[in-house]
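Enquirer: No letters, just coordinates:
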């Protein structure tokens, strides 16, 4: 060290300044190089030449006439659009018709299937509730930890558990276990049921297609990271994201990889892990990422169309809907305490609302209202007009994945409980049902008339057909209420 100091002192001032300047340039150059390597990439944009959206709306069940619809899986439909185009269920609502408390965390919303709600709490306790009264019909303990919504089809229920890592099926009526399949890792992917297969993911990094009736593995695909969010299905393809920041499109029949793409990631080389369940609509795949962005990929090729940065992680699944008077829109919350409505075509902000707390659960769109749950003291659930962003609903229940509907009631999930609400205007509901009944009878009469006309056209010339008379059935009747099974826990009008 003394030798180096002697050399330094022997140099002239000019030489010293020259050396210091050179070292500064080298240091600055290295820092600049490091910055370009580690900096966060800018958002991807496509305007003004964005690929046009496929104008066919997301596949959805027809709106109810008199009977209610099933919200039989997480996200409402296989494409996970989280959109029910109901004309009946909209704010304001009457006080809750019933309230039920699990006493334990309900991180994911229930499903509604036929006459029951089905939900699993964080301790992997599975409940069947009468949807009209909230009374417990049966319960089953399926593990020690669970964080997902079940699915239902053909009288069967399907679910997964975190601890132990299993997939399972139950009889919807009795809760009897039909089969159980051990997985190589924990699972919180709300099952996707399509045809004869059940699709689930695992923290081991794999996606599984299981036989719906036996749980036997039909195929499995390894990805580059834990699969934690749900899977989506559209046009014979299963879409899955993982914690390596990768999005996969897999052939639903055999598991072949059709395409794979990744998120842009965060700064300092951090990956953009995907917890969000993808939503498929309008020829695009929409998904959120922990890198703070919302993404839109082309459904067929996987090409990135646009990305939009929020101020923090985007854990929630997006909801995608086209309501009257507004373009197709992606509704999603962020940990930056904002709720966003993004134009589905180019990712531009249609409107956004500061909700005063972190959003990590998925939104739902029922009718013309977008609902979102917010984590924070005395916050709960907000509902916003999907077209304008105006707040139209607020309730203390909320936090994670708050809202589902059967087309007649709104079911709201809080931290550890569920409440049921009917629209505040029962006259409007009755009038709507009466009108639907009249329309149905008119359609039936037209079909009968067409049938009679076609029959007459087939008669030989010179021969006529007499008009046939028959009793026209009355309007559709209501479903009969069944006697509540043993259980309890529901409070009327809470």
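Expert: All right, it came through fine. All values derive from a computational prediction rather than experimental measurement. Residues are numbered from 1 along each chain as shown.
Enquirer: Which stretches in the chain count as helices?
Expert: For the chain, helices defined by DSSP state H occupy the ranges 2-10, 13-38, 426-457.
Enquirer: for the record, mean pLDDT for the last one?
Expert: Mean pLDDT, helix 426-457: 66.
Enquirer: Isn't residue 415 up against residue 399?
Expert: Yes. Using Cβ atoms under 8 Å, residue 415 is in contact with residue 399, at 5.1 Å. Backbone N, C-alpha and C define where each C-beta goes, glycine included.
Enquirer: Name all residues that make contact with residue 245.
Expert: By Cβ atoms under 8 Å, 6 or more residues apart in numbering, residue 245 lies in contact with 225, 262-263, 265, 271-274, 289, 291.
Enquirer: for residue 175, same thing?
Expert: For residue 175, the contacting residues are 126, 128, 138-140, by Cβ under 8 Å, 6+ apart.
Enquirer: In PyMOL, how would I select just the buried ones from those?
Expert: In PyMOL, this line selects whichever of the contacts of residue 175 come out buried by 16 or more other Cβ atoms under 10 Å:
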select buried, resi 126+128+138+140
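Enquirer: Poorly predicted segments of this protein, please.
Expert: For the chain, residues meeting the criterion pLDDT under 70 lie at 1-40, 47-48, 55-67, 266-271, 426-433, 435-437, 439-440, 443, 447, 450-494.
Enquirer: redo that, cut-off 90
Expert: For the chain, the stretches with pLDDT under 90 are 1-68, 86-88, 224, 264-272, 376-379, 397-399, 424-494.
Enquirer: quick one on the thing from earlier: reformat the contacts of residue 245 as a markdown table; add distance to residue 321 and neighbour count.
Expert: Putting the contacts of residue 245 into a markdown table (distance: Cβ to Cβ, whole Å; neighbours: other Cβ atoms under 10 Å) gives the following:
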| residue | distance to residue 321 | neighbour count |
| --- | --- | --- |
| 225 | 30 | 16 |
| 262 | 27 | 19 |
| 263 | 24 | 25 |
| 265 | 29 | 18 |
| 271 | 30 | 20 |
| 272 | 25 | 26 |
| 273 | 26 | 24 |
| 274 | 22 | 30 |
| 289 | 21 | 27 |
| 291 | 25 | 24 |
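Enquirer: Go through those residues and say which is closest to residue 191.
Expert: Closest to residue 191 out of the contacts of residue 245 is residue 274 (18.1 Å), distances taken as Cβ to Cβ.
Enquirer: what's the neighbour count on residue 315?
Expert: Using other Cβ atoms under 10 Å, residue 315 has 23 other residues around it.
Enquirer: for it, what are its contacts?
Expert: By Cβ under 8 Å, 6+ apart, the contact list for residue 315 reads 275-276, 288, 290, 335, 360-361.
Enquirer: returning to what we had before: need the contacts of residue 175 in JSON lines (columns: distance to residue 203).
Expert: Listed next are the contacts of residue 175 as JSON lines, based on distance: Cβ to Cβ, whole Å:
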{"residue": "126", "distance to residue 203": "21"}
{"residue": "128", "distance to residue 203": "28"}
{"residue": "138", "distance to residue 203": "29"}
{"residue": "139", "distance to residue 203": "26"}
{"residue": "140", "distance to residue 203": "23"}
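Enquirer: Tell me the one among the contacts of residue 175 nearest to residue 232.
Expert: Within the contacts of residue 175, proximity to residue 232 (Cβ to Cβ) peaks at residue 126, which comes in at 23.7 Å.
Enquirer: so how far is stretch 384-392 from its chain's centroid?
Expert: The chain centre lies 20 Å from the centre of stretch 384-392; the measure is Cα atoms, centre = their mean, to the nearest Å.
Enquirer: Please spell out which residues along that stretch are buried.
Expert: With burial defined by 16+ other Cβ under 10 Å, the residues of stretch 384-392 counted as buried are 384-387, 392.
Enquirer: Please apply the same query to stretch 176-185.
Expert: Buried residues in stretch 176-185, counting neighbours by 16+ other Cβ under 10 Å, are found at 178-179, 181, 183.
Enquirer: Fine, thanks again, bye for now.
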